[in-house]
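Engineer: Model the structure of this input:
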Amino acid sequence: FNIIPEDIFNMDQTALYFETPAKKKIDFKGSKLVATKKDGISCKQRFTAAITINADGKLLNSFLIFKGLLFIYLFLKIKIGTPNKKIEKSIKSYEKINLLCTVQKNAWMDEKKMQEWLENFYIPYTRENIRHKLLILDSYAVHKNYLSRLEINNTHVLFIPSHLTPFLQPLGTSKVNFNN
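Structural biologist: Alright, predicted model coming up:
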């Protein structure tokens with residue numbers, strides 16, 4: 001197909017935590033107790049970042065999936081029970097800074113969120129381009145349900161076999177630091 005690097009994409013999702021516990025603590029030599037301070041959010045509270053990059057090294061908009069009520073409370077300062085329209089409007093405001101944000105019960109990339117990523121992110125980004133494109137994805141089951149939709153967009157999909165993504169997936173093997 002003679003696909004150029006600009007048209008080769010890799011998307012991967014990763015869990016990120018609101019609070020990362022320190023790996024090292026510093027105190028005076030010989031100290032028996034080292035005081036640490038947390039900001040009150042459990043280390044278990046996380047969100048999912050779907051990162052997309054092309055073979056030219058261009059990092060595209062990030063797609064963030066937050067756990068519904070936690071995201072609403074912590075970041076949007078909206079009272080629990082606020083109608084969904086207000087939540088959706090607040091989330092859309094993040095699009096101005098190249099972040100596409102959404103919520104899901106467990107902050108996971110499920111079938112609905114995969115479709116949202118395709119319809120609101122990947123397809124609009126590549127729609128004008130009629131050349132052949134390659135999208136590299138891991139073998140996560142929800143990725144496999146949209147092949148026909150991608151074929152319409154002239155996108156060929158390459159699935160990396162299970163258990164080989166740490167070695168073969170570009171975002172898994174590259175120096176991309178998700179914590180920045």
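Engineer: Give me the below-cutoff pLDDT ranges for the protein.
Structural biologist: 19-28, 31-44, 68-98, 172-180 (pLDDT under 70).
Engineer: Where do the helices of this protein begin and end?
Structural biologist: 68-75, 84-92, 111-117, 123-126, 147-152, 165-168, 170-173 (DSSP state H).
Engineer: Give me the contact list for the third one.
Structural biologist: By that I understand helix 111-117. The contact list for helix 111-117 (Cβ atoms under 8 Å, 6 or more residues apart in numbering) reads 11, 50, 63, 65, 100, 102, 104, 109, 142-143, 145-146. The C-beta positions use only the backbone N, C-alpha and C, and glycine is treated the same way.
Engineer: Those residues, buried ones only, as a ChimeraX selection?
Structural biologist: Provided next is the ChimeraX selection string for whichever of the contacts of helix 111-117 are buried by 16 or more other Cβ atoms under 10 Å:
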select :11,50,63,65,100,102,104,109,142,143,146
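Engineer: now, among the contacts of helix 111-117, which is nearest to Asp56?
Structural biologist: Closest approach to Asp56 among the contacts of helix 111-117 (Cβ to Cβ): Met11, at 15.2 Å.
Engineer: Pairing partners for that closest one in the sheet, please.
Structural biologist: Thr52 (DSSP bridges).
Engineer: Surely it touches Thr48?
Structural biologist: No: Met11 is beyond contact range of Thr48, at 11.9 Å (criterion: Cβ atoms under 8 Å).
Engineer: related to what we said a few turns ago, between which two of the contacts of helix 111-117 is the distance greatest?
Structural biologist: For these, the farthest-apart pair by Cβ to Cβ is Leu100 and Asn145; their separation is 19.9 Å.
Engineer: Now do the strands in the chain.
Structural biologist: 8-17, 46-54, 62-67, 99-104, 133-138, 155-160 (DSSP state E).
Engineer: beta partners of Leu16?
Structural biologist: Leu16 forms beta bridges with Phe47, as assigned by DSSP bridges.
Engineer: what's around it, how many residues?
Structural biologist: Leu16 has 14 neighbouring residues, counting by other Cβ atoms under 10 Å.
Engineer: Would you mind measuring from it to Lys113?
Structural biologist: For Leu16, the distance to Lys113 equals 15 Å [Cβ to Cβ, to the nearest Å].
Engineer: With Gln169 instead?
Structural biologist: 19 Å.
Engineer: Neighbour count: those two, which is higher?
Structural biologist: The neighbour comparison of Gln169 against Lys113 (other Cβ under 10 Å) goes to Lys113, with 20 against 17.
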